[in-house]
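Trainee: pasted the sequence and its predicted model underneath.
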Amino acid sequence: MPDSKRSDSRGSGIRLVDTASFASLRQEQGYYVDKTGFLERFFHPGAATLFTRPHGFGKSLMLSMLAEFLDLTKDSRELFAGLGISAHEDVCREWMNQYPVVLVSFGNMQGAVTWEEARARMQEDVVTEYRRHAYLAASENVCRYDREDLEDWLAGKTGRRSREFPLETLTRALYEQYGRRVVVLVDDYDAPLLQASAHGYYPRMRLFLQDVLSSSLKGNRSVEFGVLTGSLFIVLADLITGFNNVTCQGLPDLWGADAFGLTCSEVETLLHRAGLAHRMEDARALSGRYCAGDNMELFCTRDLMDFVRHACSEPGPDGAEEEDGKGASWLDWLDEEDKTGEDGTEEDGDAPARAHQDGGDVLRWYAPVGCWIRRWGALAACDLARLLAGDTQACLPGPNRSGRHWQTVLLL
């Protein structure tokens, strides 16, 4: 998780802490929009739940919060004191600190231009979690073969029985140690595929990720349930629908929608606490948002926090930042990425959009489309139809346009 950076909003009485670590946020008394009430609705999940949301909507923080709540190696009562879930004593008694937890993020894929580099990055992400459980390598509760594999991975070697990837071994060892099934949390599950699609090793990565998820979640008797987050709902018959009981929650779905991003009332409370209640319209204009269901508008958490941080630090009577336009970073990012591909080569901005069968090519249709999908994971249905018909003049939606008709576009 990123290191936290404390930022006191001038004259507002709230402290914004830039971190994806729930524990750091609470320990540093940072401003936290209470999403713990979702836990009361979430438990008793299926074998795996996939949540897809655009960047900046709090997916990593949600998984961090879930890990802190469940992890039996911790005492999380103080972290959750005063939050919504603490009022549900029966839920806390049954679930709080009752399960071994594995939390892995595959988001650190920048610069992995070859298949070998990408696989090594993914393995290192899991080995980092191994180090948190290094005691397993010396535990008599863990079988000898798994201890040997654990020692090999911790020493930088390839485990002999771990099918090229260490996640299955770790979940089995935790189950052997505690006699409780493991909760597996995977953040940015789609990042390896996005990187692979940009650098020509997509087929190998697809098969590899399929094996990783299948061995770790499908039919793994050591696992209680899994939660995956990412920007894209990747429709792969073997990758996702191969699970016996997977629940996929995307942008249009109402169940769990308010667990990510900020609702209108949460935005109003944030602005009021920051002394910026009069700038609601500015916040709306400069923040990414979409609409779940018919009328639940959800705002980008990162954009709102940046808006408050900069509005409270800028000089002037109302902390305005018209020149900076920090909240427009979505469009700035898109404009910059349109000029070149991820490998630094020039892209043909006038090339027609085409529907490819090979998922590795989908993100390389047409530079603005590919970059927008990589960032948001979705396009408006009307825009998608025009782009697939070859209309290169179709305008990509601004980040603050109501997303009532957002739909997933990556068909693999």
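Mentor: Perfect, thanks for sending it.

Trainee: leaving out the residues flanking it, which one is nearest to residue 27?
Mentor: Spatial nearest neighbour of residue 27, excluding adjacent residues (C-beta to C-beta, 6 or more residues apart in numbering): residue 79 at 7.7 Å. (C-beta placed from N, C-alpha, C; glycine too.)

Trainee: confirm that that neighbour sits in a helix.
Mentor: Yes: membership of residue 79 in a helix is supported by DSSP: H, G, I helix; E, B strand; the rest coil.

Trainee: dump the residue contacts of it.
Mentor: Counting by C-beta atoms under 8 Å, 6 or more residues apart in numbering, residue 79 touches 22-23, 26-27, 68.

Trainee: from those residues, which two are the most distant?
Mentor: Farthest-apart pair in the contacts of residue 79 is 27 and 68; separation 10.7 Å (C-beta to C-beta).

Trainee: quick one: pLDDT of the residue nearest to residue 27?
Mentor: What the model reports for residue 79 is a pLDDT of 96.

Trainee: do residue 371 as well
Mentor: For residue 371, the pLDDT comes out at 46.

Trainee: again with residue 105
Mentor: Note on residue 105: pLDDT of 93.

Trainee: what of residue 366?
Mentor: 38.

Trainee: same deal with residue 234?
Mentor: 61.

Trainee: same deal with residue 387?
Mentor: Looking at residue 387, its pLDDT stands at 55.

Trainee: same question, residue 362
Mentor: Among the per-residue scores, residue 362 holds a pLDDT of 39.

Trainee: equivalent analysis for residue 206, please.
Mentor: The predicted local confidence for residue 206 comes out at a pLDDT of 83.

Trainee: same question, residue 282
Mentor: At residue 282 the predicted local confidence, pLDDT, stands at 90.

Trainee: pull the CA atoms of the strand or helix carrying it into CSV?
Mentor: Under the assignment given by DSSP states H and E, the secondary-structure element containing residue 282 is helix 280-285. Below are the C-alpha coordinates for helix 280-285, written out as CSV (Å, rounded to 0.1, in the frame of the first residue of the first chain):
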residue,chain,number,x,y,z
MET,A,280,-20.8,22.0,-4.5
GLU,A,281,-21.3,22.9,-8.2
ASP,A,282,-17.6,23.4,-8.7
ALA,A,283,-16.9,20.0,-7.1
ARG,A,284,-19.5,18.3,-9.4
ALA,A,285,-17.9,20.0,-12.5
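
Trainee: which elements pack onto it?
Mentor: Applying 3 or more C-beta pairs under 8 Å, 6 or more residues apart in numbering; DSSP states H and E, one finds that helix 280-285 makes contact with helix 264-273, helix 301-313.

Trainee: picking up where we left off before, from residue 134, how far off is the residue nearest to residue 27?
Mentor: Separation of residue 79 from residue 134 (C-beta to C-beta, to the nearest Å) stands at 24 Å.

Trainee: same question for residue 76.
Mentor: Relative to residue 134, and taking C-beta to C-beta, residue 76 is found at 22 Å.

Trainee: neighbour count for these two, which is higher?
Mentor: Comparing residue 76 with residue 134 by other C-beta atoms under 10 Å, the one with more neighbours is residue 76, at 20 against 11.

Trainee: show me what contacts the residue nearest to residue 167 when sequence neighbours are not counted?
Mentor: Excluding the flanking residues, the one nearest residue 167 by C-beta to C-beta, 6+ apart is residue 216, at 4.6 Å. Applying C-beta under 8 Å, 6+ apart, one finds that residue 216 lies in contact with 167-168, 171, 184, 223, 226.
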